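> Need a 3D model of the following:
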Amino acid sequence: MKILKLLFLVLAILMLSVGITLTACDKNSGTTNSGTSSSSSSSSTSNVGKSSSEGLEYELNEDGQSYYVSGFTKKKKSGNLANVLIPATYNNKPVLGIGEDAFSNNGDVGKISVEQSTITDTYFTIGVGAFEDAYNLKEISLPDGAREIPENCFLRCRLKSVSLPNVLKIGVSAFEENNSLIEVDIPNISVIDDSAFLMCYHLERVDFGSRELSQKGPIQLKDYVFKSCYDLERIDLTYVDQIGEQCFYYSGLKEILFSNCQRKVANNAFTSCFDVESIVYNEIPNVGGGFYIVENGCFYDNQNKTLIIGTASDEEGNVIIPDGIKRIYDTAFSKRDYVTSIYISESVKEICSDAFSDCEEVTSLTFAPDSQLEEIGYWAFSGLKKLASVTLPDNMRYLDGSAFDGCVCLTDFVVNEGIERIETGAFDNCVAISPIKYNGTEEEWYLRGIYLNNVAYDRDEETGGMINQQDLLIEVVFLKTENDL
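Numbering: from 1, shown residues only. Next up, the predicted model:
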């Protein structure tokens, strides 16, 4: 009997010890400090894969009537961070925002969900850099009240798909370097600021939605917005009225849809878009327009008469520059491997750098009989490997460096008598180009001091009338004599 009583006593002591331990663990779990300006959530879960509000820190907004999430508490360094749920209310007050840098530099958060508020017409604010460098963040779900994505908000995250049905503005670098981002839906957007999607290399689809301009207004795309988006092959700019500097620079665009909505487009908005195959023009009723035109496969500024980007004018690959164009901008037709011939209209005065570079299938380059062309820019016709003959128009004055670099089949080249400058390397790697024909006299060439490879033509017997272009000797033949004058 004494032994039995002793066993019961030991068992009772053990049960009491266990009870104290469980209570202690419970006391150390999350707590709620109501009525203070900074507090942490008491709701918690240990189930990995489920959404949790555990460890979130809240601060009162200035109005004292609502909270915003400022991040995690200092004690929250581990546990269930993968799926974070931000509740619609806290301490019986609405949660209406996420603070600056709230989850920045956090590599644990994989998903953020924000509960919809039961209060109608509420504005949900997000602070600058709220998720910057949260490098494992793959999914975000925002409430209807989110109207603006601020600067650096999702910089260098890993989001795959973004749907922001009520967002009106996206700030500077908001989604920059989201290399996993594939698609974006922003049907109510009005402004996308500088570099918002810069270097989102795998972005394939951007949907601005359709709209009544009288209700929503047009869209503004600022500088570098989609620069270096290599996988972006199609863009519908029907409702876009402003396109900034290098907006689509080095993107993978193949098809571009323009309209009479465009009012301001930077000349270099589409520089280095080498894959363009189709340019479409949509006419919007009752909008006016005429600032930018699509004609013969060319998109150009109808006020400054600058051709910004172009494709072939027909199925045979012919490029016919529309009448009235004065300037063909950088890389406007560069690397169009389907182009077979180029016709430069009378009105063109300047062909800029790389305008037709690496159009390797081109066999014909023709200038209008009364061409006003004065300057051909650097590398403008470089890499035209099948081009055999060129006759520069009479008004030509300046032939810039490397203008015909790499035209390996070029044999017949005629320079007009009004030429004033031929810069270094204009004929680099033109291995078949001998001689150059000058449509003037030797005296005129000499008096003008025309430079080839920075060395003026010298009638010294030692040079023998030969010029040097990157170790390539090119003879100059004069088509006129003094007796022809």
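
> Report the residue spans of the stretch 51-200 of the chain with pLDDT below the cut-off.
Residues of the stretch 51-200 of the chain meeting the criterion pLDDT under 70: 51, 74-81.

> My error: substitute the stretch 301-450 of the chain in the last question.
Looking along the stretch 301-450 of the chain with the criterion set at pLDDT under 70, you get 449-450.

> Helices along the stretch 201-350 of the chain, start to end?
If DSSP state H, counting those that start in this stretch is used as the criterion, the helices of the stretch 201-350 of the chain fall at 213-216.

> any chance you could map the strands in it?
205-207, 219-221, 234-236, 240-243, 255-259, 264-265, 278-282, 292-295, 298-301, 306-310, 318-320, 327-328, 341-344, 350-351 (DSSP state E, counting those that start in this stretch).

> For T481, find the nearest of the ones you listed.
strand 341-344 (30.3 Å; CB to CB). C-betas here are computed from N, CA, C, even on glycine.

> what distance separates that closest one from the centre of its chain?
What separates the centre of strand 341-344 from the centre of its chain is 29 Å, taken as CA atoms, centre = their mean, to the nearest Å.

> And the residue nearest to N152 when sequence neighbours are not counted, how close does it get to G297?
When the adjacent residues along the chain are set aside, N152 lies closest to G129, with 4.3 Å between them (CB to CB, 6 or more residues apart in numbering). For G129, the distance to G297 equals 43 Å [CB to CB, to the nearest Å].

> With F427 instead?
With the distance defined as CB to CB, F427 ends up 30 Å from G297.

> Looking at these two now, which is surrounded by more residues?
Neighbours per residue, other CB atoms under 10 Å: of F427 and G297, the larger number sits with F427, 26 against 20.

> Now do the same contact list for the more buried one.
With contact taken as CB atoms under 8 Å, 6 or more residues apart in numbering, F427 is in contact with 404-405, 407, 410, 413, 433, 436, 469, 472, 474.

> picking up where we left off before, got the contact list for the residue nearest to N152?
Under the criterion of CB under 8 Å, 6+ apart, the neighbours of G129 are 100-101, 104, 150-153, 155.

> One more: E277?
Contact partners of E277, counting by CB under 8 Å, 6+ apart, are 254-255, 311, 338.

> can you list those in JSON lines and add neighbour count?
Below are the contacts of E277 laid out as JSON lines (neighbours: other CB atoms under 10 Å):
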{"residue": "K254", "neighbour count": "15"}
{"residue": "E255", "neighbour count": "15"}
{"residue": "T311", "neighbour count": "23"}
{"residue": "Y338", "neighbour count": "12"}
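
> Select, from the residues you listed, the two members most distant in space.
Taking CB to CB, no two of the contacts of E277 sit farther apart than E255 and Y338, at 14.0 Å.

> Look up phi and psi at E443.
phi -60, psi -40 (degrees, to the nearest 10).

> How much space separates it from S141?
79 Å.

> now do A196
A196 sits at a distance of 20 Å from S141 (criterion: CB to CB).

> More neighbours: the two, which one.
Neighbours per residue (other CB under 10 Å) separate A196 from S141, with A196 holding more: 27 against 15.

> Report the secondary structure element holding the more buried one.
Element membership for A196, per DSSP states H and E: none, as it lies in no helix or strand.

> Same check on W445?
Using DSSP H and E, the secondary-structure element containing W445 is helix 442-448.

> Next, count neighbours for D314.
Per other CB under 10 Å, the neighbour tally for D314 reads 11.

> whoops, E212 was the one
By the other CB under 10 Å criterion, the neighbourhood of E212 contains 8 residues.

> Next: K93.
14.

> what's across from the spatially closest residue to E375 that is not a sequence neighbour in the sheet?
Sequence neighbours aside, Y398 is the residue nearest to E375 in space, at 4.3 Å (criterion: CB to CB, 6+ apart). With DSSP bridges applied, Y398 shows beta-bridge pairing to E375, R421.

> In this structure Y398 contacts A426, no?
No - proximity of Y398 to A426 does not meet the contact threshold set by CB atoms under 8 Å, at 10.2 Å.

> of the two, who's got more company?
A count of neighbours by other CB under 10 Å puts A426 above the other of Y398 and A426, at 24 against 15.

> Mind telling me what element the more buried one is part of?
Counting by DSSP H and E, A426 is found in no helix or strand.

> quick one: the residue nearest to N152 from L155, how far?
According to CB to CB, G129 and L155 sit 7 Å apart.

> Run through the bridge partners of G97.
Under the criterion used (DSSP bridges), G97 bridges to T125.
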